[in-house]
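1. Quick check, what structure comes out for this input:
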Amino acid sequence: MKVKTLNMGIVEVSEKQIIDFPEGLFGFEDSRKYALIEAEQKPFVWMQSIENEHISFLLINPFLFRADYELDIDEKDQKLIDLDNPGNALIFAIVTFLGDGSPITANLQGPVVINTRNNLAVQAVLSDPRWLTKHDIMAELKQGSE
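-> Below is the predicted model of the structure:
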């Protein structure tokens, strides 16, 4: 399948790369199907709407910079994506990169949870006060290496 993107032009993706958000993402409820595309800059991944080329999100595995990251996925969200085995969950944090010298941040309060068995996904909301919407990725990496 060919997917039109703003950042990379037209990209060929397989069905295995397509994820479906039954309820969409917060603020983007009408875009429900996305393709996961490796970014040129590792370890980032693009999540590109296949319905709207203007909607894409940069993602990162939160465990790469916060080994202590824990999430308790709400039972409603687990049912929504038919997640009955935590081992089938792939977790990503949405990244904000403004390019103006401000920190590159990740939203650990609203992770993207993908059930790898059926490619259904949900944006969870965590109530744990340790996890904020703007975690400075570079500061976290530096702190973790000390």
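2. what about this protein, any weak spots by pLDDT?
-> 144-146 (pLDDT under 70).
3. Select the longest strand from it.
-> Looking across the chain with DSSP state E, the single longest strand is strand 105-115.
4. I'd like to check what contacts it. Which residues are they?
-> Counting by C-beta atoms under 8 Å, 6 or more residues apart in numbering, strand 105-115 makes contact with 19, 25-26, 47, 59-60, 62, 65-66, 69, 71, 73, 77, 81-83, 88-96, 120-126, 131-137, all of which sit outside it. Every C-beta, even on glycine, is put in place using the N, C-alpha and C of the backbone.
5. Quick check: can you name the pairing partners of it and their directions?
-> Here strand 105-115 is paired, per DSSP bridges, with strand 89-96 (antiparallel), strand 120-123 (antiparallel), strand 135-136 (antiparallel).
6. mind putting these in a markdown table, distance to R32 included?
-> Listed next are those as a markdown table, based on distance: least, C-beta to C-beta, whole Å:
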| stretch | distance to R32 |
| --- | --- |
| strand 89-96 | 16 |
| strand 120-123 | 9 |
| strand 135-136 | 27 |
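7. Which one of those lies nearest to A35?
-> Nearest to A35, of all the strands paired with strand 105-115, is strand 120-123, at 11.8 Å by C-beta to C-beta.
8. So for the lengthiest helix in the chain, what gets flagged as buried?
-> Using DSSP state H, we find that the single longest helix of the chain is helix 137-145. By neighbour count, with 16 or more other C-beta atoms under 10 Å as the criterion, the buried positions of helix 137-145 are 137, 140.
9. and what of stretch 19-30?
-> Going by neighbour count (16+ other C-beta under 10 Å), the buried part of stretch 19-30 is 19, 21, 24-25, 28.
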